[in-house]
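> Sequence below, structure please.
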Amino acid sequence: MNEIEKITSRDNQRLVYARKVRDGREDGRIFVEGKRLVAEALRSGVEIDECYFTSGFDDEDLLYTVADRAKGTFELSAKLFNSIADTKNPQGIILIAKRPANGRETIEQRLRAGEGTVPLVLFLKEINNPANLGAIMRTAEAAGVAGVVVSTGSADVHSPKATRAAMGASFRVPVWDGVTFDEGVEWAKGLGLKTIAADISADKSYADTDWTSGAMLIFGSEAHGLSVAELLSVDNKILIPMANGVESLNLAVSAGIIMFEAVRQLTTDN
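Sure, this is the predicted structure:
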């Protein structure tokens, strides 16, 4: 195990740096907090820069494994640890890690190689709720999609809150972010993917759509959806039929329903 250094000052520059990463003010680095996410980061091969843990941390095996991988490991008092934590009830371990690489090439490779369960890419336009974004990432991994494209104006898929909601999926599912709507649609069409937008005004059910030949499934923002011009630019529009006058579902739920319909079509003869 690499040497462990004890930090005793709140103003230590490493702690200042950790807070900047936590707050999204350091490009190229992510903030990973909690035993489960640290274990997921290790399993996923995430490159770890630094580890911070509390005195008396109760999982020595996890700590030793991290300390062997991290470039620096630092012990803090509970008070100092709380000063950098993002959660109200921290579990005593935090990593500063390298942000996963831009996933555009990986998504393209997976589509061409037929990797994943479904030839499907998600495009998320201006999704501002990090918990929703993380939940969609978790479901996307479970469904085996080729990757997720996230537009400009969206929450950061690697923010602490989104990372917690993703439960490790954002370490593994390729993500291409900072993409404009037009850029994403043009890219998908260049790969031979149908562009299919979820929209409450559509007259075709998601279940009546052929998902087996490759598609980019597009969702607009929770508050505003997609513009008229954007809807006119896609190949198809679909909706999830709902009973009793219900107008909409949570975005992550809607994405999950449609993704697993694609899985069903590819894994059954129906």
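
> following the helix or strand hosting Thr65, which helix or strand comes up?
Using DSSP states H and E, Thr65 sits within helix 60-69. Where DSSP H and E defines the elements, the next helix or strand beyond helix 60-69 is strand 72-76.

> Direction included, what does that next one pair up with?
Each strand paired with strand 72-76, and its direction, by DSSP bridges: strand 4-6 (parallel), strand 48-54 (parallel).

> With respect to burial, which of those strands scores highest?
Greatest average neighbour count among these goes to strand 48-54 (a mean of 22), per mean count of other C-beta atoms under 10 Å. Yep, even glycine has a C-beta here, placed from its N, CA and C like the rest.

> From the rest of the structure, what touches it?
Strand 48-54 has contacts (C-beta atoms under 8 Å, 6 or more residues apart in numbering) with 14-15, 18, 29, 41, 63, 66-67, 69-78, 81, 84, 90, 92-98.

> what number of residues lie near Ala255?
Residues near Ala255, counting by other C-beta atoms under 10 Å, number 26.

> Ramachandran angles for the residue nearest to it when sequence neighbours are not counted?
What sits nearest to Ala255 in space, not counting adjacent residues and going by C-beta to C-beta, 6 or more residues apart in numbering, is Ile136, at 5.0 Å. Dihedral angles phi and psi of Ile136 (degrees, to the nearest 10) take the values phi -60, psi -40.

> Can you get me a residue count around Ile136?
Applying other C-beta under 10 Å, we find 30 residues neighbouring Ile136.

> show me what contacts Val234?
Counted by C-beta under 8 Å, 6+ apart, Val234 has contacts Val185, Thr195, Ile196, Ala197, Ile218.

> If anything else comes up later, I'll come back, but that's it for now.
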